[in-house]
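Engineer: Model the following, please.
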Amino acid sequence: MSETTFNNLTGKLLVAMPGIGDPRFENSVIFMCAHSDDGSMGLIINQVSQDIRVNDVFEQLDINVTDMMAPLPVHFGGPVELGRGFVLHSVDYQADSASLAVDATYSMTASREILSDIARGGGPRERLLCLGYAGWGPGQLEAELAQNGWLTVDPTPKIVFEVPNDQKWEASVRSIGISPALLSGEVGHA
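Structural biologist: Now for the predicted structure:
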């Protein structure tokens, strides 16, 4: 990978290579919300929590849900700050200073306001609710990339918001013209 690739990961997808070595990230697809010399932050977009339902989140925050709210799974966004919620969403919604415009297509908001709007049947058109996030300190992600732990992929709204969670890893790999069957978790020499 080139140095340029490492410097431009905000708004990209990280796709875990087979055999990444950390079970929390096995078959993960991570949307990168921020990447700089100070560190990196992303949200796993293909792992749904089996233990927490959206109504549990709203109940804990004392947010009333209307019948107009569309079903919303709760994703495991990553192992850091599991009690903190993040919504990755389309740019048709902004919550003033609480929204981070990742690029021209995606924003990320971590506020009670967006959850209240979603509970009332509003909020952004496309959205993923994540608890926790994936984070890397300075140089940590670059080292993992240099060790071929991740593929970098340009996201599409279809992959991020529409493809079923259990198919996002394969769809992401195929989007760059690679057959998932050709990927190996083995590191070595030919």
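Engineer: Taking the centroid of this protein, which residue is nearest it?
Structural biologist: Closest residue to the average C-alpha location of the chain: residue 43 at 2.8 Å, with C-alpha atoms, centre = their mean.
Engineer: Show me what the helix or strand encompassing that residue is packed against.
Structural biologist: Here residue 43 sits within strand 39-44, counting by DSSP states H and E. The contact analysis (3 or more C-beta pairs under 8 Å, 6 or more residues apart in numbering; DSSP states H and E) places strand 39-44 against strand 29-36, strand 74-76, strand 127-136, helix 140-146. (Each C-beta comes from the backbone N, C-alpha and C, glycine too.)
Engineer: Recalculate using a threshold of 6 Å.
Structural biologist: Here strand 39-44 touches strand 29-36, strand 127-136, going by 3 or more C-beta pairs under 6 Å, 6 or more residues apart in numbering; DSSP states H and E.
Engineer: For residue 172, find the nearest of those.
Structural biologist: strand 29-36 (5.2 Å; C-beta to C-beta).
Engineer: Can you check what angle separates that closest one from strand 39-44?
Structural biologist: When axes from the mean of the first three to the mean of the last three C-alpha atoms, to 10 degrees is applied, the directions of strand 29-36 and strand 39-44 differ by 160 degrees.
Engineer: Strand 29-36 to strand 127-136, inter-axis angle?
Structural biologist: Using the same axes, to 10 degrees: strand 29-36 against strand 127-136 is 60 degrees.
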